[in-house]
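# any chance you could fold what I've pasted below:
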Amino acid sequence: MGMLIGVFTASGLYHELTTYTMGRGFDKNITLFFVWHAVATLGERVWYRVTGRKVQGWIGLIWVYFCIMVIGQPCSEHSS
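Coordinates of the predicted model:
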């Protein structure tokens, strides 16, 4: 679990540093976006262990919209 969060955090920081070097400043939302995806991945794993099935069907559709609207949208708004 710690390694998964660490990999997503490192990836977020890598993306953040690339935008920082282009002169866009530091925006924690980029890294936060990646960390939230680690949490979502862990949520899918918990779902599988509890139900024995992958997240799919209408529940999977709701899950995808949750990741886009609840996780992605707030992290994509750039405050300049």
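# and for Thr18, the neighbour number?
Residue crowding around Thr18 was assessed by other C-beta atoms under 10 Å; the count is 11. Placement of C-beta: from N, CA and C, glycine included.
# give me the residues contacting the longest helix anywhere in the chain.
For the chain, the helix that runs over the most residues, judged by DSSP state H, is helix 28-51. Contact partners of helix 28-51, identified using C-beta atoms under 8 Å, 6 or more residues apart in numbering, comprise 1, 4-5, 7-9, 11-13, 15-16, 19, 53-55, 63, 67, 71-72, 74-78.
# hmm, what's the outermost residue in the protein?
The outermost residue of the chain relative to its centre, with distances by C-alpha atoms, centre = their mean, is Gly23 at 23.9 Å.
# that residue and Tyr48: what is the separation?
Per C-beta to C-beta, to the nearest Å, Gly23 is found 43 Å from Tyr48.
# ok, Val7 next?
Distance, Val7 to Tyr48, using C-beta to C-beta: 19 Å.
# same question for Phe66.
According to C-beta to C-beta, Phe66 and Tyr48 sit 17 Å apart.
# where does Ser76 land on pLDDT?
In this model, Ser76 is scored at 68, pLDDT.
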